[in-house]
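Chemist: Coordinates only, no sequence provided:
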């Protein structure tokens, strides 16, 4: 996974149910997420699930990033820097 440790911990705190599913999958397969790093460790660092307005805004932003909508919007915008080479 191409993310910083901070990003992984934030994602685990914002999506605790999904993180718990990954922990269960890790335990049932006896394989860790990455060599030397398990999702269970990330879940412990994240602490309790985040609540409140700020957490909900972050959760919404995280879902948008996961869906790729922001990337598709960005690619659909005209790129002035590339236009000069056309």
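Modeler: Arrived safely. Because the structure is a prediction, the values reported are computed rather than measured. Numbering: from 1, shown residues only.

Chemist: packing partners for whatever helix or strand residue 41 lives in?
Modeler: Following DSSP states H and E, one finds residue 41 within helix 39-46. Here helix 39-46 touches helix 5-14, helix 16-29, going by 3 or more CB pairs under 8 Å, 6 or more residues apart in numbering; DSSP states H and E. No exception for glycine: its C-beta is placed from N, CA and C like everyone else's.

Chemist: dump the residue contacts of residue 23.
Modeler: Residues near residue 23 by CB atoms under 8 Å, 6 or more residues apart in numbering: 38-40, 43.

Chemist: Which of these ranks first by neighbour count?
Modeler: residue 39 (23 neighbours; other CB atoms under 10 Å).

Chemist: I figured that one hits residue 18, correct?
Modeler: No - taking CB atoms under 8 Å as the definition, residue 39 is not a contact partner of residue 18, at 9.9 Å.

Chemist: follow-up on the earlier one: turn the helices and strands packed on helix 39-46 into JSON lines, including mean pLDDT and distance to residue 61.
Modeler: Shown next, in JSON lines, are those (pLDDT from 0 to 100; distance: least, CB to CB, whole Å):
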{"stretch": "helix 5-14", "mean pLDDT": "86", "distance to residue 61": "9"}
{"stretch": "helix 16-29", "mean pLDDT": "88", "distance to residue 61": "16"}
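
Chemist: Distance to residue 48 added to those helices, as TSV?
Modeler: Listed next are the helices and strands packed on helix 39-46 as TSV, based on distance: least, CB to CB, whole Å:
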stretch	distance to residue 48
helix 5-14	8
helix 16-29	8
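
Chemist: Most tightly packed of those helices?
Modeler: Ranked by mean neighbour count, those are led by helix 5-14 with a mean of 17 (mean count of other CB atoms under 10 Å).

Chemist: do you know how far residue 11 is from residue 30?
Modeler: Residue 11 is 23 Å from residue 30, where distance means CB to CB, to the nearest Å.

Chemist: repeat for residue 22
Modeler: In terms of CB to CB, residue 22 sits 14 Å off from residue 30.

Chemist: how close does residue 31 sit to residue 22?
Modeler: Residue 31 is 11 Å from residue 22, by CB to CB.
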